[in-house]
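Undergrad: predicted coordinates and the sequence they were generated for:
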Amino acid sequence: MFRIGGGLTSSGPAFRDYIQLFLQYNLPYDYFVREVLTATAIGGRVCGPAGFILRDTVGGIRDADVMHEDTCDEITLSVGKIFLGVNLECVSCHNGAGHLEEINLGLSKITRTQFWRQAAFFQNIRIFRGNPPNGTDYCLLDGPSLRPDRIWQGGIAHFKFTTPPNAAGGLGYRTEAPSVLRIPRDKNADVYPAYFLTGERPAEGANPRVELARIITSDFQFAKATVNLFWSRLMTVGIVDPPFDWDLARQDPENPPPAPWSIQPSHPELLDALARDFQDHNFDLRHLMRIICHSSAYQLSSRFEGEYAPEYDRYYARKLARRLAAEEIYDAIVKATNVSGNDVEYVMAQAGTPDMELTRFLNFFGQSNRNTRQSHTKGSIIQASLLLNSDLVKRKVLAATEGSRVSMLLSKDPPLLNYQLVEELFLWTLSRFPTRKEMAESISHLEKYRDKGVEDLQWALMNNLEFIVNY
Amino acid sequence: MNKENSRSLTCCSEYLRCRGQPEVSAPAWQQNETHIPTLNRRDVIRVGSLGIAAYSLLPILKPRNVQAGTKVQPRGGAEICILLFLSGGPSQPDTFDVKEGWWTPEDFDIQTIKPGLRMPVGLMPRLAERTDKYAIVRSLEAWEATHPRGTYYLQAGRLLSPARLHEIPSVGSVMAYESLRHRKESDFLPPFISIGMDTSNLIGNGLLPPEAAPMAMFSDAPPPFKLAESDQATFNRRRELLAKIKPQKHSRGQLFGNLDQYYQSAYPLLNDTKASTVFNVDPKDHVRYGNSEMGDACVIARNLAEAGAGTKFVFISCSQWDLHSDAYAGSATDKSQGQYKPCAELDSALSGLLDDLEATTDKQGRRLIDTTFIGALGEFGRTPGPLTVNKGRDHYRYAGVGLFAGAGVNAKVLGATNEIGGRVIDTGWHKRRSIYPEDVLVTMYSVMGIDWTKKITQTPTGRPFEYIETISPKGHMEFSEISELFA
C-alpha cells in the first residue's frame, strides 16, 4: 500500500501519517478506500489520503506536464490490484482475448475498452504540479468544481493539460490523447465510466470517483481480495495466490472452469466465509487479523511429522516459516536487548540522514525504500556477518552497556541463579523456554564464564536462526 | 504446488510501458526457499576448524537434473569474469561509437587513434591511450528500452516474466553454481559478488541453491568482515556456545537450512584476515582509479582477481549514464556533470584495472589479464543525432556499444552504425545480425568454460530453465559466442 511514486515524493510523510492514524483508530477499511479514492488536495503535502492517487501521476516530457489519460490508467491499475486483487496490466495495452487464454481465464475476456471505461471513473480529476515556496508539490482537484481559467491565473507556474477540458468541465478520458504507451489508443473507442466487473455506470450527475468508491466497496470481490491479502501476509501463502493475480473465472466451485483449468482458491468456502464475516463486522481489520490469528491453521506448529512436500504449502499443513522483515529484525534486537538507539521509525522519517549504521543494516536485510527498492526477505552472507559481528548486536549484549538486558538481569537483587538467567534470556530473546539440552549447555557455559557468559548467551541466541524467523 | 495455481500474468515485451518495476509479490516459499534438491545440508559447525572454507563440502553437489543441449565447445581460459554494468545506458554517439555533428562540444577533442577508430580524447584520455588493450563492439542492440526491464534482460538473458521472476537466476548465479563443484579448500571468497548494484534490481540465485546467490555490497560500505584482534577470543568462545545450543537438524522447513548456509559462508570471511583486505581500498589505488565509487569497485574487483579465491563473477554497477537532460553540461576541465562525469569515472577505473591486471601474475605465472574476462556495457543505447529538447538523449535500443577485454580478447573494433549512430549497418560478425545481450552472455559463459546450452528441467513452475534460451522476443534465434573478439 505504501509505495512511493512520482507524485508522492512530497506527500509521502502525510500519506504515511494518515495510514498510521487510520490503523491506530481502527477505522473501517471501506471508509479508508472511499477516502483515498475521492480525496482532493491543494497539496499532497497537507492531505494524506490524496497520496494514493497522486503517486500514480505520470509526467510528460517536461516535468511539469501531467499525462492525464496515462495517469488515469496507472491509478486504475493500483485500484484493481490493491482493492480487487486483479492485475489489469495486460489489458491496459491490449484485449485479453488472443493473449491471456492460457494465463488468466477471467482476464482473457476483458477488453482494452473495458479497461479505459474503468479508468474513465477518474476522468474528471485534475492533477498539476505547483511550486509552493518550499519545493514542488502536486495538487489534486475534481474538474467541474473549479473553473480552469481561475487556476491558470492563480499564479501557478507550470500548468498544462495534455488534453483540453471537455464540455462537462472535467478533462474527460480521450482515446486520441498522446500516450506513453507504444500501442496507441483506439480513437474510435466509446469510452464512458463503467465498472469492468459488472458494467455498472455512475449515477447521472454524480461525481464518478464517489460512485466508483461506492461500487467497489459494495462489491463482494473487494471483501474477498482484502481478506485474502491479509491471510497471505499472515500465513505466507494466500488462499488465492499470488494475492494480486486473481482469476475471476476460476472462483466458484459450483461452476468450475473448463479443463485443464482448476478452481484457483485452495479453500473457496473459507474465503467466502472470511469475506462475509469481514463485511458483517464493518470491514474491521483488527477483527479480521484476530480471527485469522486465532484459527487453528495459524496456530499450527512449523514442525511436521513425516515427509513434507512443497505442494503441502497450499494446504497449510504446517506453519510456513518466514524470515522477518528488516524492520522486524531490528525491533527484535531492541526488544531482546532493551538497548534502542535510534528507532526504526525515526530512520524512516529521516531517510538517509541520521544513523548510517542502522540504515545500512536495514538495507542489507532488505528494507524497501518504497520507490526503487522493494523489500525482500532473502538471506545473504552480509546479513549473517552483521548479526555475528556488527556493533548493532555486539554492543547491545554487553553488561557494560547502560540499560541492557544483560546488565538488568545481572543486577537483580537477590541475584538470579544461573538457570533463571538462562530462562530469562531465552524468553526475552526467543520468546520460549530452553530445551533440556540447551539449558544444560547454557548453564555449563555460565558456570565457566558467568557475566561474560551471559553476554555470550544472548549473542548466541540472537545468532540462532529462530531469532530472525517467524515459524 | 498445483500448476494451475502457480500461473501468473506474463508481460508481453512489445507492449512495454514506461512504468516502474512490476509489482509482483511472490509467496514466501518462493522468496525464501529453493526447491532444487541438490544439496545435503551441513548441520554441524566445525568448532576449532575455523579456517575451513564454507564451501568445502560442496563436491557432494550432484546436479542430476542439469542436462546439456546440443554439443558446443566452450572456449574456456578465464578464471573470473568482471562485468561493468554502465547503468542507465551509455551514449554510443558520444563515447565509443563517436559521431560528430554540429551539436558535438569542441572539447570532446575527437581524434583519430588509428584507421577506423576515432575517440573523444577529451572525455576519456586514458582509455584513448589504451586502445590496444580492449575491443569495441559497435553493433549491440537491446530488446528493451526501460531501465528495470533492460537491467533484468542483461542479467538474465531473457524477457522479464513475472511468473518466473523468482526462479530465473542471473548469469552470475549460474556461473557461481557451475563453479561450486570445483571449489577448493582455499576458496574463501563467495563465487558471485555484486558491487554498487541496488539489491532490488539485482537478480539473485532464483532456483539455484543459496550458495550461488550474489553477495551484494557497496564500495563505500565495506562489509563487516573484519573481526578485531581483540574480539577474536570472545568470538570463538561465543561461537562454541552457539554450536552447542544450535539445533542439529532443521525440521521446520528449508528456509532454516538456506539461511544457515549464509552463516556457513560468512564464518570463513570473518576469520580470514585476507578477506578484510580484499574488500578494503588502498588510498593510493582510490586516487589512481579515479576517486569514485566505481573506481573503488574496480579496485575491489582487481583484488578479487588477484586473490584467486573462488570468485567467478563480479558485477559492478556504474550509474549516472542516464543523461536525459543537460548531457553536455560540464567541460573537459570540469568533469563533475553531464557526459564528462561518467566518462571520467570509467576512464580512470577501467584504465587502472587493465593496467593492474596486465602487470600482475598469478601463482602459475600467468598474467591476470589473460585469465580475466572484462565486459563493459549498458542496458541499451541512447537516441542518436542532435540532443533532445531537454539537451539530453533518451533510451534507445537499436544501437549501443560495449567494451571487452582480457582472456584472449584482441584489440579491435567490431561493427559499425550509420552516420548518426542510430542503426547498425555493419554487424561485424559471423551471425550477420546485431549482437544481442544473449550473445554477450554466451560469450561470457564460453570464456568461463560453461556449456551455455545446458538446461535445468526441474523447476518450481515446471518450465525448464535454459541457461540461454533460443527463443528471443523476435522468435527463434540461435545465439552465439562473439568469436570475432578472439580472432
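TA: Ah, there it is. Numbers count the residues shown, from 1 in each chain, chains lettered A, B, ... in the order given.
Undergrad: use CA for all of it now, contacts and neighbours both
TA: Fine.
Undergrad: can you classify the nearest residue to B:T273 once chain neighbours are set aside by secondary structure?
TA: In this structure, B:T273 finds its nearest non-sequential neighbour in B:K226, 7.0 Å apart by C-alpha to C-alpha, 6 or more residues apart in numbering or on different chains. Three states are possible here, and by DSSP: H, G, I helix; E, B strand; the rest coil the one that applies to B:K226 is coil.
Undergrad: B:K226 and B:V278 touch, don't they?
TA: No: with contact defined as C-alpha atoms under 8 Å, B:K226 does not reach B:V278; the gap is 10.7 Å.
Undergrad: what is the least confident helix or strand in chain A?
TA: Per-element confidence for chain A was summarised using mean pLDDT, DSSP states H and E. The lowest value among helices and strands belongs to helix A:148-152, with a mean of 45.
Undergrad: C-terminal to that helix, what's the next element?
TA: helix A:208-218 (DSSP states H and E).
Undergrad: give the other helices and strands that that following helix contacts.
TA: Based on contacts counted as 3 or more C-alpha pairs under 8 Å, 6 or more residues apart in numbering or on different chains; DSSP states H and E, the elements that helix A:208-218 packs against are helix A:29-38.
Undergrad: please save the CA atoms from the helix it packs on in CSV.
TA: These are the backbone C-alpha positions of helix A:29-38, laid out as CSV (Å, rounded to 0.1, in the frame of the first residue of the first chain):
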residue,chain,number,x,y,z
TYR,A,29,-11.4,-0.3,5.8
ASP,A,30,-14.1,0.6,3.3
TYR,A,31,-14.1,4.1,4.8
PHE,A,32,-10.3,4.3,4.1
VAL,A,33,-10.9,3.1,0.5
ARG,A,34,-13.7,5.7,0.0
GLU,A,35,-11.5,8.4,1.4
VAL,A,36,-8.4,7.7,-0.8
LEU,A,37,-10.4,7.3,-3.9
THR,A,38,-12.3,10.6,-3.5
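Undergrad: the residue of chain A found nearest chain B: neighbour count?
TA: Across chain A, no residue is closer to chain B than A:E311, which sits at 4.1 Å (C-alpha to the nearest C-alpha). Around A:E311 there are 12 other residues, counting by other C-alpha atoms under 10 Å in any protein chain shown.
Undergrad: do the same with A:L425
TA: Neighbours of A:L425 under the rule other C-alpha under 10 Å: 25.
Undergrad: where does it land on pLDDT?
TA: Note on A:L425: pLDDT of 94.
Undergrad: so who does the nearest residue to it once chain neighbours are set aside touch?
TA: Taking C-alpha to C-alpha, 6+ apart as the measure, A:L425 lies nearest to A:Q458, with 6.4 Å between them; neighbours along the chain are not counted. Neighbouring residues of A:Q458 by C-alpha atoms under 8 Å, 6 or more residues apart in numbering or on different chains: A:V397, A:V406, A:L425, A:T429.
Undergrad: so A:Q458, which of the three states?
TA: Following three-state DSSP, A:Q458 is assigned to helix.
Undergrad: for it, give me the pLDDT.
TA: Here, the pLDDT recorded for A:Q458 equals 94.
Undergrad: how much space between it and A:K394?
TA: 10 Å (C-alpha to C-alpha, to the nearest Å).
Undergrad: then A:L430?
TA: Applying C-alpha to C-alpha, the value for A:L430 to A:K394 is 17 Å.
Undergrad: of those two, which one has the most company?
TA: Neighbour totals were compared for A:L430 and A:K394, and A:L430 leads with 20 against 16 (other C-alpha under 10 Å).
Undergrad: so what's the more buried one closest to, chain neighbours aside?
TA: A:F467 (5.9 Å).
Undergrad: number of residues surrounding the one you found?
TA: By the other C-alpha under 10 Å criterion, the neighbourhood of A:F467 contains 20 residues.
Undergrad: and A:H376, by the same measure?
TA: Each residue near A:H376 was counted by other C-alpha under 10 Å, and the total is 22.
Undergrad: what's the closest non-adjacent residue to B:N418?
TA: The shortest distance from B:N418 to any non-neighbouring residue, by C-alpha to C-alpha, 6+ apart, is to B:I425 (5.9 Å).
Undergrad: so that neighbour belongs to a strand, correct?
TA: Yes: remark: B:I425 belongs to a strand, assigned using three-state DSSP.
Undergrad: ok, it - contacts?
TA: Taking C-alpha under 8 Å, 6+ apart as the criterion, B:I425 is in contact with B:G415, B:A416, B:T417, B:N418.
Undergrad: quick one: buried ones out of those?
TA: Listed as buried from those are B:G415, B:A416, B:T417; burial here means 16 or more other C-alpha atoms under 10 Å in any protein chain shown.
Undergrad: of those residues, closest to A:D245?
TA: Within these, proximity to A:D245 (C-alpha to C-alpha) peaks at B:T417, which comes in at 43.3 Å.
Undergrad: now the phi/psi pair for the closest one, please.
TA: Backbone dihedrals for B:T417, given as degrees, to the nearest 10, come out at phi -120, psi 170.
Undergrad: could you count how many residues lie near the closest residue to it other than its chain neighbours?
TA: Leaving out its chain neighbours, the residue that sits closest to B:T417 by C-alpha to C-alpha, 6+ apart is B:V424, at 4.2 Å. As a burial measure, the neighbour count of B:V424 was computed by other C-alpha under 10 Å and equals 21.
Undergrad: quick check, pLDDT for B:V424.
TA: pLDDT, the model's per-residue confidence, is 95 for B:V424.
Undergrad: quick one: it and B:Y398, what's the gap?
TA: Noted for B:V424: a distance of 8 Å to B:Y398, by C-alpha to C-alpha.
Undergrad: over to B:V442?
TA: Here the criterion is C-alpha to C-alpha. By it, B:V442 lies 20 Å from B:Y398.
Undergrad: got it, and B:K284?
TA: Here B:K284 is placed at a distance of 40 Å from B:Y398 (C-alpha to C-alpha).
Undergrad: next: A:R126.
TA: A:R126 sits at a distance of 37 Å from B:Y398 (criterion: C-alpha to C-alpha).
Undergrad: what's the burial count for the closest residue to A:E89 other than its chain neighbours?
TA: With C-alpha to C-alpha, 6+ apart as the criterion, A:E89 has its nearest non-adjacent residue at 6.5 Å, and that residue is A:L77. Neighbour count for A:L77, taken as other C-alpha under 10 Å: 22.
Undergrad: any idea where the strands of the stretch 51-200 of chain B begin and end?
TA: With DSSP state E, counting those that start in this stretch as the definition, the stretch 51-200 of chain B shows strands at residue ranges B:66-67, B:80-86, B:110-114, B:117-120, B:135-140, B:192-195.
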